[in-house]
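# sharing a sequence plus its predicted fold:
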Amino acid sequence: MTRISIQRVYAAAAPGGGVRILVDRLWPRGLSKDKAAVRHWLREVAPSDALRHWFAHDPARWDEFRQRYFAELDAQPEVVRELRSVLAGHPHVTLLYAARDEAHNNAVALLSYLRRHGTAA
């Protein structure tokens, strides 16, 4: 099973953090690809634009956001399969996100989804 960490994409790569996977739909503002040190950018695994705009990083909407995001992931088995394929190839990965809120972002929700489905340690 792959060990998964979460980190803000603007932070320097953590030593031993494994492969860095950006799970946002949009590329982070003002960040070069070299500085980001992103190995994989899986934008399709990110929440839809409509869901992202609805959520607007409002902690009061967090539970509903997670339910809607999980439903989106369930409706896209090929996207989840691609993510699992990337994860399976590495013992440790770091899911990267751009949001300022460390507790309420799509990477946190995605890790919860993966754990619920037995994909992440």
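Here it is on my side, so go on.

# kindly format the C-alpha coordinates of the lowest-mean-pLDDT helix or strand in the chain as CSV.
The least trusted helix or strand in the chain, going by mean pLDDT, DSSP states H and E, turns out to be helix 33-36, with a mean of 90. Written as CSV, here are the backbone C-alpha positions of helix 33-36 (Å, rounded to 0.1, in the frame of the first residue of the first chain):
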residue,chain,number,x,y,z
LYS,A,33,7.1,24.0,-13.2
ASP,A,34,10.7,23.6,-12.1
LYS,A,35,10.2,25.1,-8.7
ALA,A,36,7.0,23.0,-8.1
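
# the following helix or strand past that helix - contacts with which helices or strands?
Using DSSP states H and E, the helix or strand that follows helix 33-36 in sequence is strand 40-41. In terms of contacts (3 or more C-beta pairs under 8 Å, 6 or more residues apart in numbering; DSSP states H and E), strand 40-41 is packed against strand 19-22. Quick note: C-beta positions are derived from backbone N, CA and C, even for glycine.

# tell me what the strand it packs on is packed against?
Checked by 3+ C-beta pairs under 8 Å, 6+ apart, strand 19-22 has strand 40-41, strand 92-97 packed alongside it.

# so which of these is nearest residue 19?
strand 92-97 (4.7 Å; C-beta to C-beta).

# quick check: what element follows the closest one along the chain?
According to DSSP H and E, the helix or strand after strand 92-97 is helix 106-116.

# ok and that following helix relative to strand 92-97, angle-wise?
Put simply, helix 106-116 runs at 140 degrees to strand 92-97, going by axes from the mean of the first three to the mean of the last three C-alpha atoms, to 10 degrees.

# what helices and strands are in contact with helix 106-116?
Using 3+ C-beta pairs under 8 Å, 6+ apart, helix 106-116 is in contact with strand 3-8, helix 62-74, strand 92-97.
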